[in-house]
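Participant: got a sequence here, can you model it:
(2 chains)
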Protein chains: 2
Amino acid sequence: MFKPTLYIIGLGIHPTYISYKALIILRKKVDSVFIEKYTSPIPKNTINFLKKLIRKDIVELCRRDLEDLSGKKIFEELEKGKNVALIVPGDPMIATTHVVIKNIAVEKGFNVKVIHGVSIISAIISLLGLSPYRFGPIATITYPRMNVYSMRPYDIVKDNLERNLHTILLLDILENGKFMTIPEAIEILEKLEEIRKENIFTSNRIAIGIARVGYNNCKVEINFLSKLKHVNFGKPPHTIVIPAKLNVIEYESLIKNFKIDSNVIKSFQLLK
Amino acid sequence: MFKPTLYIIGLGIHPTYISYKALIILRKKVDSVFIEKYTSPIPKNTINFLKKLIRKDIVELCRRDLEDLSGKKIFEELEKGKNVALIVPGDPMIATTHVVIKNIAVEKGFNVKVIHGVSIISAIISLLGLSPYRFGPIATITYPRMNVYSMRPYDIVKDNLERNLHTILLLDILENGKFMTIPEAIEILEKLEEIRKENIFTSNRIAIGIARVGYNNCKVEINFLSKLKHVNFGKPPHTIVIPAKLNVIEYESLIKNFKIDSNVIKSFQLLK
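Facilitator: Next up is the predicted model:
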């Protein structure tokens, strides 16, 4: 018996990173195409660029469609016997929402195929030339909810530094689509430091600010937190990396590929 | 002044995962194209598939070309003023070799652009529906060198389990291009357990064996180490995940998306 298929397709870190595999599926195998653009920013004109590329119309879904309504619009199409694609920014299964939609589809008896995308996590590791073996768990810096700060970024970075592991810190997104900036994130890290006082997010902690990894105008700044706080990184998405001690290849990658103030270079700690 | 560019292009987990961005660059911006296929397997016929897709010849490089000869063939082309692409499996900067080639190119004054690929790490996380926030550092299970076993996978998994974090274990590749299989890897984990006896790689430890993530014939088996050891996973690449306790969404993702023996499901430990 014919079972319709839901393709969950990762767009990757920038629309031009869409895969050949995804393009063929979008052009030849699906009847309806949806795109979700609230878990990560999608540049203006992207939808038009994609429509041209796949030669089909694309319906935009908001948070409410996917979360409160559990992907109703998607399942209506599948129930009509149509093959459906849901395009999502980045790698498709990073956000819990996508995992939940996938599980509902499987439960309803539809085929589900995940087409992987380039994830911001691996792109950042590549971009910086840091060793993929030396990253501890990631965390997200979140805006306070009801005036309460999540201490998770503090706990994770502290634990990672104790084991000499680097940390990638993702930045929060508000319901209204507002993306946290690096300066805003650093202000929050300072608050967490005020609360805990364990010398993790001190003003002379070296951090790496990264904006728009994968875009042509990607921006990387390596500096003390107190300095990064005043840098204008431009449009989202923004990310912060807190490096642990560096091995020799990592040190060379940073100093050869990025402009870094000599005071910062002198402060790099090397693995013995 | 014109400076030639070296594009280091990640092919992703399977040739069909090549990005639109990479295709455009390979078709329109480069004069010479090289491919490296010793850090990860590349399926037969891939080179021909890619040649057709990019409408150009592709020169294959072996480990010697990149490591012992430091990418000599690549730099000869750049020095003639040609734009060059080096296609590598997976995400381009996971292997130290690629980071080193990049650093040499920067030092020699060439432009270097990295085109990210879909990494096996993020694809595995997506495939399983496990939370990306709950992974500790990765490790590689290596063949013994001069009869000495690297204890790194043991130390990493032990530390990750203590902090309730999942671990991705990559599998070794020999110089002759032979890829370690999951049963071979489990034999090594058993040896490490014999040496350390700290109840990490016991016969009833639940593990996830994954072969060919991103391929149409991807295979996933979730079972006790003692059982997985006897499963034929077919062609490489193979990977192992050692899950920590599962949260509810992770538990549902595993039991809904994969066939799992009821004894194994009963043995899953859930986060409180």
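Participant: which helix or which strand is home to the spatially closest residue to residue A:260 that is not a sequence neighbour?
Facilitator: Among residues not flanking residue A:260 along the chain, residue A:222 sits closest, at 4.9 Å (CB to CB, 6 or more residues apart in numbering or on different chains). For glycine as for every other residue, the C-beta is placed from the backbone atoms N, C-alpha and C. Per DSSP states H and E, residue A:222 falls inside strand A:219-224.
Participant: for that strand, give the mean pLDDT please.
Facilitator: Averaging pLDDT along strand A:219-224 gives 98.
Participant: return the helix or strand of chain A with the lowest mean pLDDT as CSV; C-alpha atoms alone will do.
Facilitator: Taking mean pLDDT, DSSP states H and E as the measure, chain A has helix A:63-66 as its least confident helix or strand, at a mean of 81. What follows is helix A:63-66, C-alpha atoms only, in CSV (Å, rounded to 0.1, in the frame of the first residue of the first chain):
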residue,chain,number,x,y,z
ARG,A,63,6.0,28.5,15.7
ARG,A,64,2.3,28.3,16.4
ASP,A,65,1.8,26.0,13.4
LEU,A,66,4.4,23.6,14.5
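Participant: quick one on the thing from earlier: okay, now the residue nearest to residue A:260: neighbour count?
Facilitator: The number of residues packed near residue A:222 is 23, by other CB atoms under 10 Å in any protein chain shown.
Participant: for the strand holding residue A:222, packing partners?
Facilitator: Counting contacts by 3 or more CB pairs under 8 Å, 6 or more residues apart in numbering or on different chains; DSSP states H and E, strand A:219-224 packs against strand A:206-211, helix A:262-267.
Participant: direction included, what does that strand pair up with?
Facilitator: strand A:206-211 (antiparallel) (DSSP bridges).
Participant: which other residues reach the partner strand?
Facilitator: A:124, A:127-128, A:182, A:186, A:218-225, A:228, A:231, A:233-243, A:264, A:267-268 (CB atoms under 8 Å, 6 or more residues apart in numbering or on different chains).
Participant: which stretch among the helices and strands packed on strand A:219-224 comes nearest residue B:92?
Facilitator: strand A:206-211 (16.9 Å; CB to CB).
Participant: any idea of the mean pLDDT in the closest one?
Facilitator: Mean predicted confidence for strand A:206-211 is 98.
Participant: how far out from the middle of the chain is that strand?
Facilitator: 14 Å (CA atoms, centre = their mean, to the nearest Å).
Participant: repeat that for stretch A:128-143.
Facilitator: With CA atoms, centre = their mean, you get 11 Å for stretch A:128-143.
Participant: can you check stretch A:112-122 too?
Facilitator: 11 Å.
Participant: also stretch A:229-240?
Facilitator: Per CA atoms, centre = their mean, the centroid offset for stretch A:229-240 relative to its chain is 14 Å.
Participant: for stretch A:10-26, same thing?
Facilitator: 16 Å.
Participant: residues of that stretch that come out buried?
Facilitator: A:10-23, A:25-26 (16 or more other CB atoms under 10 Å in any protein chain shown).
Participant: among the residues you listed, which lie within helices?
Facilitator: A:20, A:21, A:22, A:23, A:25, A:26 (DSSP state H).
Participant: the helices in chain A, which residues?
Facilitator: So, for chain A - with DSSP H - the helices run A:20-28, A:46-54, A:63-66, A:72-79, A:96-107, A:120-128, A:152-162, A:182-196, A:225-228, A:248-257, A:262-267.
Participant: sorry, back to before: single out the most deeply packed of the helices and strands packed on strand A:219-224.
Facilitator: strand A:206-211 (a mean of 23; mean count of other CB atoms under 10 Å in any protein chain shown).
Participant: of the buried residues of stretch A:10-26, which are in range of chain B?
Facilitator: Of the residues in the buried residues of stretch A:10-26, proximity to chain B by CB under 8 Å from any CB of the partner chain holds for A:10, A:12, A:13, A:14, A:16, A:17, A:18, A:19, A:20, A:21, A:23.
Participant: tilt between the strand holding residue A:222 and helix A:248-257?
Facilitator: 120 degrees (axes from the mean of the first three to the mean of the last three CA atoms, to 10 degrees).
Participant: can you dump the C-alpha atoms of strand A:219-224 in CSV for me?
Facilitator: Extracted in CSV, the C-alpha atoms of strand A:219-224 (Å, rounded to 0.1, in the frame of the first residue of the first chain):
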residue,chain,number,x,y,z
LYS,A,219,32.6,37.7,11.2
VAL,A,220,35.0,36.2,13.9
GLU,A,221,36.5,38.2,16.8
ILE,A,222,38.8,36.7,19.4
ASN,A,223,39.1,38.8,22.5
PHE,A,224,38.5,39.3,26.2
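Participant: contacting residues around that strand?
Facilitator: A:127-128, A:203-212, A:228, A:231, A:233-234, A:254, A:258, A:260-261, A:264, A:267.
Participant: re earlier: so what's the residue nearest to residue A:260 bridging to?
Facilitator: Going by DSSP bridges, residue A:222 forms beta bridges with residue A:208.
Participant: please report how far residue A:259 lies from chain B.
Facilitator: 12 Å (CB to the nearest CB, to the nearest Å).
Participant: run a quick neighbour tally on that residue.
Facilitator: 8.
Participant: from the chain's centroid, how far away is stretch A:28-37?
Facilitator: On the basis of CA atoms, centre = their mean, stretch A:28-37 is displaced by 22 Å from the centre of the chain it belongs to.
Participant: so where's chain A uncertain?
Facilitator: Chain A contains residues with pLDDT under 70 at A:41, A:43-44, A:93-94.
Participant: how near is the residue nearest in space to the middle of it to chain B?
Facilitator: Closest to where the C-alpha atoms of chain A average out (CA atoms, centre = their mean) is residue A:120, at 4.6 Å. Residue A:120 is 9 Å from chain B, where distance means CB to the nearest CB.
Participant: so that residue makes contact with residue A:89?
Facilitator: No. Using CB atoms under 8 Å, residue A:120 makes no contact with residue A:89, being 9.1 Å away.
Participant: which neighbours do those two share?
Facilitator: With CB under 8 Å, 6+ apart, residue A:120 and residue A:89 have common neighbours residue A:40.
Participant: hmm, back to that, what about the least confident helix or strand of chain A, near chain B?
Facilitator: No. Against chain B, helix A:63-66 shows no contacts by CB under 8 Å from any CB, the least distance being 14.8 Å.
Participant: list the contacts of the nearest residue to residue A:174 once chain neighbours are set aside.
Facilitator: Of all residues not flanking residue A:174 in the chain, residue A:143 sits nearest, at 6.7 Å (CB to CB, 6+ apart). Residues near residue A:143 by CB under 8 Å, 6+ apart: A:172, A:174, A:180, A:188.
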